[in-house]
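> just coords:
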């Protein structure tokens with residue numbers, strides 16, 4: 001007699017979790033700027049020439065608080081799984097002062113197409129290669145097309161807040 005009651009209850013519980021998860025994911029996507037467009041459309045390929053007159057100052061700034069949420073959120077970038085916000089190394093390097101080591105342009109390229117950036121002959125990539133053990137290619141969970149333009153701007157703006165003296 002107990003068996004038939006457990007099965008409908010289990011089904012109802014699974015359905016409830018599934019429905020709540022779908023709503024939470026949609027809410028998180030909206031909170032993280034999921035409607036701001038596709039990065040793959042907005043970020044040039046590594047090594048592509050910059051548009052005439054383009055400067056680092058012309059790049060749009062994001063919201064550092066939204067970037068922090070994206071950095072820490074499982075529904076967002078989940079960057080904190082591999083990176084600390086200080087100088088300590090976890091799986092990946094610590095993010096403190098990362099914006100002193102790399103330009104916004106290079107970070108945009110790395111965050112949207114890490115393998116393409118690694119294979120480029122960009123000076124910042126060459127510097128990174130010189131500091132990486134020979135033959136060891138950095139692996140990253142950041143994948144091309146996973147972030148919107150807004151999320152990318154927010155994340156880089158958050159990383160800029162991690163500069164320390």
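Yes, it's here. The structure displayed is predicted, hence computed values, not measured ones. Residues are numbered from 1 along each chain as shown.
> which stretches of this structure form helices?
Along the chain, counting by DSSP state H, helices occupy 2-31, 39-42, 64-72, 98-101, 104-112, 114-119, 123-131, 149-160.
> Could you list every helix and strand in contact with the fourth one?
In terms of contacts (3 or more CB pairs under 8 Å, 6 or more residues apart in numbering; DSSP states H and E), helix 98-101 is packed against helix 149-160. C-beta: built from backbone N, CA, C; applies to glycine.
> again, only this time at 10 Å
Contacts of helix 98-101 with other secondary structure elements, assessed using 3 or more CB pairs under 10 Å, 6 or more residues apart in numbering; DSSP states H and E, are made with helix 104-112, helix 123-131, helix 149-160.
> Please tell me how far the closest residue in space to residue 138 that isn't next to it in sequence sits from residue 154.
Closest residue to residue 138 in three dimensions, ignoring its sequence neighbours and counting by CB to CB, 6 or more residues apart in numbering: residue 132, at 6.4 Å. In this view, residue 132 and residue 154 are 28 Å apart by CB to CB, to the nearest Å.
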